[in-house]
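Asks: Generate coordinates for the sequence data below:
(one chain, ligands or ions: 2)
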Amino acid sequence: MPYIFLAIMVQKKKSAKKNKSAKKNKASTDKQILDEIIRVDHAGEYGATRIYDGQIAIFGKNSKIGKTIQHMADQEQEHIEKFNELIIEKRVRPTALLPLWNVAGFALGAGTALMGEKAAMACTVAVEKVIGEHYREQQELLEDDEKELRKTIAKFEKDELEHHDIGLEHDAEKAPGYKVMTKVIEIGCKTAIAISKKI
Ligand SMILES: [Fe+2]
Ligand SMILES: [Fe+2]
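Replies: Ligands and ions are numbered 1, 2, ... in the order given. Below is the predicted model of the structure:
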């Protein structure tokens, strides 16, 4: 009797091991997840270029703050160009809401810039915090068949966190109504992310 019990346990352990290694070999990213990642990142990077366009339109690119923003805008340009390539390469439909993010991004950038330099930087802190976290989560969803994309996203995550820190270094937290403003912008960004994945 104890022998039978032991034999069953050994068998169970063996099949559990088998399942585990089968799972390990199956390193391919779900196509729907991949599509959503590329669609939403393309939308987000596009929105980011529009936010900084809006801020530069108000401050001018030759002002001191304008130059700081231009540095971030240049990196956003690199990001969107990469996702423009990926959307074609991986045959992903872009979000239908690009025209909305075009206007909303610019309005957010220009609107916060009109409130002052610190408010513009508070906008950067809020947006880049959400995008940075989002990029972190996405790296977990990509399997080894998408190593390249994972690397790209890791690099962009680093850039976004640099932007976030530039915002803090430029007194974002001293903007009037910082806490409420950043919360509202964060919620807006998260909503835009949720919609752009699907639509
Ligand atoms: Fe970006
Ligand atoms: Fe950024």
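Asks: how far away is the residue of the chain found nearest ligand 1 from Lys174?
Replies: Checking the chain residue by residue against ligand 1 with Cβ to the ion singles out His79 as nearest, at 3.8 Å. Backbone N, C-alpha and C define where each C-beta goes, glycine included. Shown here: His79 relative to Lys174, a distance of 28 Å by Cβ to Cβ, to the nearest Å.
Asks: ditto for Ile87
Replies: Distance check for Ile87 against Lys174: by Cβ to Cβ, it reads 39 Å.
Asks: And Tyr52, which helix or strand is it part of?
Replies: Secondary structure assignment for Tyr52, by DSSP states H and E: helix 31-59.
Asks: got a list of what the residue positioned nearest the centre of the chain touches?
Replies: Residue closest to the average C-alpha location in the chain (Cα atoms, centre = their mean): Ile131, at 3.5 Å. In this structure, Ile131 makes contact with Gly44, Ala48, Glu160, Cys189, judged by Cβ atoms under 8 Å, 6 or more residues apart in numbering.
Asks: For those, name the two members farthest from one another.
Replies: Between any two of the contacts of Ile131, the greatest separation by Cβ to Cβ is 11.6 Å, found for Glu160 and Cys189.
Asks: of those two, who's got more company?
Replies: Glu160 (27 against 21; other Cβ atoms under 10 Å).
Asks: For that one, which residues are in contact?
Replies: Glu128, Ile131, Gly132, Tyr135.
Asks: buried set for the strand or helix carrying it?
Replies: The secondary structure element spanning Glu160 is helix 147-169 (assigned by DSSP H and E). Under the neighbour-count criterion of 16 or more other Cβ atoms under 10 Å, helix 147-169 has 149-150, 152-153, 156-157, 159-161, 163-164, 166-167 buried.
Asks: For the residues you listed, give me JSON lines that also has distance to Phe59 and pLDDT.
Replies: Converted to JSON lines, those look like this (distance: Cβ to Cβ, whole Å; pLDDT from 0 to 100):
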{"residue": "Leu149", "distance to Phe59": "34", "pLDDT": "96"}
{"residue": "Arg150", "distance to Phe59": "35", "pLDDT": "95"}
{"residue": "Thr152", "distance to Phe59": "30", "pLDDT": "97"}
{"residue": "Ile153", "distance to Phe59": "30", "pLDDT": "97"}
{"residue": "Phe156", "distance to Phe59": "24", "pLDDT": "97"}
{"residue": "Glu157", "distance to Phe59": "26", "pLDDT": "96"}
{"residue": "Asp159", "distance to Phe59": "21", "pLDDT": "96"}
{"residue": "Glu160", "distance to Phe59": "21", "pLDDT": "96"}
{"residue": "Leu161", "distance to Phe59": "23", "pLDDT": "95"}
{"residue": "His163", "distance to Phe59": "16", "pLDDT": "97"}
{"residue": "His164", "distance to Phe59": "19", "pLDDT": "97"}
{"residue": "Ile166", "distance to Phe59": "14", "pLDDT": "97"}
{"residue": "Gly167", "distance to Phe59": "14", "pLDDT": "97"}
